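Colleague: build me a model:
(one chain, ligands or ions: 1)
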Amino acid sequence: MFDSLTSRFSATFTSLRSRGKISRNDIETACSEIRTALLESDVALEVVEDFISHIAEKSINTLATLQSGANQSGAIFDIVNASLIEILGGQARRVRFSKNPPTVIMLAGLQGAGKTTLAGKLAKYYADQGNTPLLVAADLQRPNAVTQLQVVGENAGVAVFSPEAGNGVGDPVKVAKSGVEFAKAKQFNMVIVDTAGRLGVDADLMNQASDIRDVLNPDEILFVVDAMIGQDAVRTSQAFLDGVGFDGVVLTKLDGDARGGAALSIASLTQRPIMFISNGEKLTDFDIFYPDRMASRILGMGDIATLAEAAKKAFDGDTSAKLEDKFARGEDFTLEDFLDQLSAISKMGNMSKLLGMLPGAGAMKPLGKNGNFDEGEIVRTRAIVESMTPAERRDPKVLNGSRRSRIALGSGLKTSDVNNLVNRFSAAQKMMRQVRNGGMPSGMAGKGMPAIPMKKPIPKKKSKSGNPAKRALEESG
Ligand code: GDP
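Modeller: Numbering: from 1, shown residues only. I've put the predicted structure just below:
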């Protein structure tokens, strides 16, 4: 999402770092570049002006205290980072749980913002943490909103309270009220209420949302907003803040080509924290919003913390320990290990998204023909490996022509695809062996690659020669 902003920040800092000593003029140029970049990313004008005057003043002050250009550019980078974290809301904020359950969360926002989808994501997220959420279908306006919530609830494995069919029929205020009563009676500890939006802000919408708020007395009102609507996101959030009020913001569709303006403007203009982000249509495309991680991504430093969490979740301890053990034992990395790793990687989610979390990844993304990361490659590789017998996966050398044709047929691909995979795998396996033996993979030696510290291989038992003279020689040392 922040690709263009990130590359502009990177260019500005590359230029600052190249200075032997930074002048006031350099800071002014950098600030003007950052200003243009923020405005082009749809950040609200007053947020941009505040941000720029803040970083300009602080940066100019550092010139007097620091002498070398490197120290100065480092300090300016820290100032920009801290200011970005601040406009993104400072600290991550979690949902406040009520002392008297159920905790009631009301979702508000325009039609199509992603409320119903988010209701399912929130419910799954909290259910996975041991809570018992109940979804309440109080959007009786949008066609099929009730059915959609029922489907979302079923997918998330949570209960849905939906006494009315919706599509314009039924009283949403009554549904909201009886939803909470039902949750109390059945001891759900959390209620998530989906409400109706409109295509634009209007009095009807605000009145209905306010009436629902009054009967619910919610612990949290979350304002859900589509990040792709740019400057409109700011106007809409202001209207909801005045008309209904809210405690936190959820930004949706961050997987799209939004330029990031909403994320950077809303928290500071409404003084309400962004609490969650939604970045896809699947139930798991959902994250807690961390201002510091987002600032880090905007500045091109990636988001290693989120990546590490995703990896920890996907690679269970057993798989990693098994592989490390094999490696230390001097055993070969096989196609079975490869398959285990592929399964773990696909559990981590969308590959382009993961790559976006690597520092400087924008420039390094391996792109397919259409300019996107080729996720199909993983699917094809899996299909091929899964069409092999366990023996073939352990030792691809047995793969003769007829076995390769059988695998191609089984995976629905061509023999050349199978050959291609086997060749690439053999090269990877060779590289693993070289690394394990303490060497550098060929082609990398002397190119400044650091040596990779590895557990010492456990020596295999030495074979003893059957020839008595040779064996005597071996045994003598
Ligand atoms: P509501 O009217 O506010 O309840 O909006 P919906 O939950 O029905 O969402 C509107 C559309 O946006 C649906 O097609 C959703 O699948 C889609 N959607 C919701 N959240 C996201 C998201 O984070 N990313 C993408 N790409 N689509 C989303």
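
Colleague: residues contacting the residue of the stretch 151-300 of the chain found nearest the ligand?
Modeller: Distances from the stretch 151-300 of the chain to the ligand, computed as Cβ to the nearest ligand atom, single out S278 as the nearest residue at 3.6 Å. To be clear about C-beta, it is placed using only N, CA and C from the backbone, and glycine gets the same treatment. Neighbouring residues of S278 by Cβ atoms under 8 Å, 6 or more residues apart in numbering: 114, 117-118, 121, 250-254, 285-286.

Colleague: let's have those residues in TSV, adding secondary structure, pLDDT and distance to the ligand.
Modeller: Supplementary listing: those in TSV, determined by DSSP: H, G, I helix; E, B strand; the rest coil; pLDDT from 0 to 100; distance: Cβ to the nearest ligand atom, whole Å:
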residue	secondary structure	pLDDT	distance to the ligand
G114	coil	94	3
T117	helix	96	3
L118	helix	97	7
K121	helix	96	8
V250	strand	95	9
L251	strand	92	9
T252	strand	93	4
K253	coil	91	4
L254	coil	85	6
D285	coil	89	6
F286	strand	90	8
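
Colleague: just the buried members of the residues you listed?
Modeller: 114, 117-118, 121, 250-254, 285-286 (16 or more other Cβ atoms under 10 Å).

Colleague: against the ligand, how distant is the nearest residue to K184 once chain neighbours are set aside?
Modeller: Nearest residue to K184, sequence neighbours excluded (Cβ to Cβ, 6 or more residues apart in numbering): P102, at 6.5 Å. Computed with Cβ to the nearest ligand atom, to the nearest Å, the distance linking P102 and the ligand is 22 Å.

Colleague: one step back: mind listing the residues bridging to the residue of the stretch 151-300 of the chain closest to the ligand?
Modeller: According to DSSP bridges, F286 are recorded as the beta-bridge partners of S278.

Colleague: how about the residues of the stretch 1-150 of the chain that lie near the ligand?
Modeller: By the criterion of Cβ under 6 Å from any ligand atom, the positions of the stretch 1-150 of the chain lying close to the ligand are 109, 111-117, 142.

Colleague: which residues touch L140?
Modeller: If you count contacts by Cβ under 8 Å, 6+ apart, L140 has them with 146, 164, 166-172, 175, 196.

Colleague: do V234 as well
Modeller: Shown in contact with V234 (Cβ under 8 Å, 6+ apart): 44, 261-262, 265-266, 269.

Colleague: which strand or helix spans V224?
Modeller: Secondary-structure element containing V224, defined by DSSP states H and E: strand 220-226.

Colleague: elements contacting that strand?
Modeller: Applying 3 or more Cβ pairs under 8 Å, 6 or more residues apart in numbering; DSSP states H and E, one finds that strand 220-226 contacts strand 103-108, helix 115-128, helix 231-243, strand 248-252.

Colleague: which of those has the lowest mean pLDDT?
Modeller: If these are sorted by mean pLDDT, helix 231-243 sits at the bottom with a mean of 87.

Colleague: wait, does that one contact the ligand?
Modeller: No - with Cβ under 6 Å from any ligand atom as the threshold, helix 231-243 lies outside contact range of the ligand, at a closest distance of 12.1 Å.

Colleague: buried residues in that helix?
Modeller: Of the residues in helix 231-243, those with enough neighbours to count as buried (16+ other Cβ under 10 Å) are 232-234, 236-237, 239-241, 243.

Colleague: which stretches in the chain count as strands?
Modeller: All strands of the chain, identified by DSSP state E, fall at 103-108, 133-138, 159-161, 190-195, 220-226, 248-252, 274-278, 286-288.

Colleague: circling back: in helices, which of the contacts of L140 appear?
Modeller: Secondary structure defined by DSSP state H assigns 146, 172, 175 of the contacts of L140 to helices.

Colleague: measure the first one to the ligand for me?
Modeller: V146 is 11 Å from the ligand, where distance means Cβ to the nearest ligand atom.

Colleague: ok, now which ones touch V158?
Modeller: Taking Cβ under 8 Å, 6+ apart as the criterion, V158 is in contact with 120, 123-124, 127, 133-135.

Colleague: will you turn those into TSV that also has neighbour count?
Modeller: Output for the contacts of V158, formatted as TSV (neighbours: other Cβ atoms under 10 Å):
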residue	neighbour count
G120	27
A123	29
K124	20
A127	16
P133	26
L134	25
L135	27
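
Colleague: from the residues you listed, which single one is nearest the ligand?
Modeller: Within the set of those, G120 lies nearest the ligand; the separation is 8.5 Å, counting by Cβ to the nearest ligand atom.

Colleague: now the buried members of the contacts of L140.
Modeller: When neighbours are counted using 16+ other Cβ under 10 Å, those contain these buried positions: 146, 166, 170, 172, 175, 196.

Colleague: in this structure the fifth one contacts P163, no?
Modeller: Pointing back at V175 there. Yes - the criterion here is Cβ atoms under 8 Å, and V175 meets it with P163 at 6.1 Å.

Colleague: where's S7 relative to A82, distance?
Modeller: Here S7 is placed at a distance of 21 Å from A82 (Cβ to Cβ, to the nearest Å).

Colleague: what does A263 give?
Modeller: A263 is 17 Å from A82, where distance means Cβ to Cβ.

Colleague: between the two, which one's more packed in?
Modeller: Comparing A263 with A82 by neighbour count (other Cβ atoms under 10 Å), the higher total belongs to A263, at 29 against 14.

Colleague: so what's that one closest to, chain neighbours aside?
Modeller: Take A263 and drop its neighbours on the chain: the residue closest to it by Cβ to Cβ, 6+ apart is L251, 5.8 Å away.

Colleague: what are the bridge partners for that neighbour, then?
Modeller: Here L251 shows beta-bridge partners V225, I277, assigned using DSSP bridges.

Colleague: so who does it touch?
Modeller: Taking Cβ under 8 Å, 6+ apart as the criterion, L251 is in contact with 225, 227, 262-263, 266, 274, 276-278, 289.

Colleague: same thing but at 6 Å, please
Modeller: 227, 263, 274, 277 (Cβ atoms under 6 Å, 6 or more residues apart in numbering).

Colleague: confidence-wise, which of those residues comes last?
Modeller: Least confident entry in the contacts of L251, by pLDDT: A263, with 80.

Colleague: and it, how far from L45?
Modeller: Distance from A263 to L45, counting by Cβ to Cβ: 16 Å.
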